[in-house]
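Colleague: Take a look and give me a structure for this.
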Amino acid sequence: MCRYWIVVAALLQLAYCEHLPKSLEWSTNCEEGYSLCGTLEFCNAGAVYGYVLSGQDCVPGPGPILRLIPGNRYKLTLSNKADETTNIHAHGLHISGSGNGDDVTRHVAPGHCISYTWDIGAEHPSGTNWYHAHQHGQTAVQVQGGAFGLLIVEDAPLKQKLP
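Modeller: Numbers count the residues shown, from 1 in each chain. You can find the predicted model right below:
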């Protein structure tokens with residue numbers, strides 16, 4: 001458990017750093033039913049693990065920042081470019097923990113993809129959270145190797161203009 005606090009401390013330090021990782025650029029060109037969609041690649045090079053944007057070299061975390069805006073339905077595709085099975089788990093989101101949501105029992109084999117559906121309700125609280133690999137039996141190795149990143153829920157858009 002102490003090892004996770006090291007990762008959390010690293011993420012908090014990043015929140016006050018000028019050299020943040022790039023943010024995932026969500027696309028609006030999605031299949032019907034989704035507001036925004038995007039892809040993360042999971043990779044490894046020996047004991048180095050990471051989440052990267054398409055075409056980037058594999059480097060240890062933190063991965064790209066995932067910025068979410070309340071009131072949207074997101075499709076996040078996880079493409080596994082590594083040589084072992086993985087998945088992704090989000091902390092701080094008020095979303096379903098089953099099906100295509102944040103189900104930690106789902107997994108993606110090497111060379112395959114899976115998609116997650118994250119319904120971020122209009123009243124979802126803003127906050128700085130994190131995501132990480134959560135493949136049972138490999139979680140500690142993958143997270144310690146760098147498979148984690150910031151997940152920021154932005155403030156909800158104002159419903160009315162302030163005077």
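
Colleague: which SS state does the spatially most central residue of the chain fall under?
Modeller: Centroid check for the chain by C-alpha atoms, centre = their mean gives Tyr131 as the closest residue, at 4.6 Å. For Tyr131, the assignment made with DSSP: H, G, I helix; E, B strand; the rest coil gives strand.

Colleague: so it bridges to which residues?
Modeller: Here Tyr131 sits in beta bridges with Ala90, Gly149, going by DSSP bridges.

Colleague: Check Trp26 and give its pLDDT.
Modeller: Predicted confidence (pLDDT) for Trp26: 97.

Colleague: Skip the chain neighbours and tell me the closest residue to it.
Modeller: For Trp26, ignoring the flanking residues on the chain, the nearest one in space by C-beta to C-beta, 6 or more residues apart in numbering is Leu36 at 3.8 Å. Placement of C-beta: from N, CA and C, glycine included.

Colleague: any weak-confidence spans in this protein?
Modeller: Flagging of the chain using pLDDT under 70 yields the residue ranges 1-19, 158-163.

Colleague: cutoff 50 now
Modeller: Segments of the chain classed as low confidence (criterion: pLDDT under 50) are 1-2.
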